[in-house]
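Colleague: okay, sequence plus prediction incoming.
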Amino acid sequence: MKELSKNQSVNLGFNGNNPAPTKEFLAAIDEGEKLAHNPNAKTYSTPQELWDELGI
């Protein structure tokens, strides 16, 4: 991997100005937190299990 000097910049493909999170983003984080602590939430051991459930 090429090393960068302190004066070089890298295009990361997004704006790094740290905008305020949207309501949709905050709702998604909240939903994820609830799912993470729900013992009855459906889980998958492998990506293939998820894909099979989705019919992919």
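Modeller: Arrived safely.
Colleague: which SSE is the residue most central in space within the chain in?
Modeller: With distances taken as Cα atoms, centre = their mean, the residue of the chain nearest its centroid is I29 (9.4 Å). Element membership for I29, per DSSP states H and E: helix 23-36.
Colleague: pLDDT on that helix, on average?
Modeller: Across helix 23-36, the average pLDDT comes to 94.
Colleague: what's in contact with that helix?
Modeller: 21, 41 (Cβ atoms under 8 Å, 6 or more residues apart in numbering). For glycine as for every other residue, the C-beta is placed from the backbone atoms N, C-alpha and C.
Colleague: can I get that helix in PDB, CA atoms only?
Modeller: The C-alpha trace of helix 23-36 is given here as PDB (Å, rounded to 0.1, in the frame of the first residue of the first chain):
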ATOM      1  CA  LYS A  23     -34.200  11.200  11.600                       C
ATOM      2  CA  GLU A  24     -34.200   8.100   9.300                       C
ATOM      3  CA  PHE A  25     -30.600   7.300  10.400                       C
ATOM      4  CA  LEU A  26     -31.400   7.700  14.100                       C
ATOM      5  CA  ALA A  27     -34.500   5.500  13.700                       C
ATOM      6  CA  ALA A  28     -32.400   2.800  12.100                       C
ATOM      7  CA  ILE A  29     -29.800   3.000  14.900                       C
ATOM      8  CA  ASP A  30     -32.700   2.700  17.500                       C
ATOM      9  CA  GLU A  31     -34.200  -0.300  15.700                       C
ATOM     10  CA  GLY A  32     -30.800  -2.000  15.600                       C
ATOM     11  CA  GLU A  33     -30.300  -1.400  19.300                       C
ATOM     12  CA  LYS A  34     -33.700  -2.900  20.100                       C
ATOM     13  CA  LEU A  35     -33.000  -5.900  17.900                       C
ATOM     14  CA  ALA A  36     -29.600  -6.500  19.500                       C
END
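Colleague: brilliant, that's me finished.
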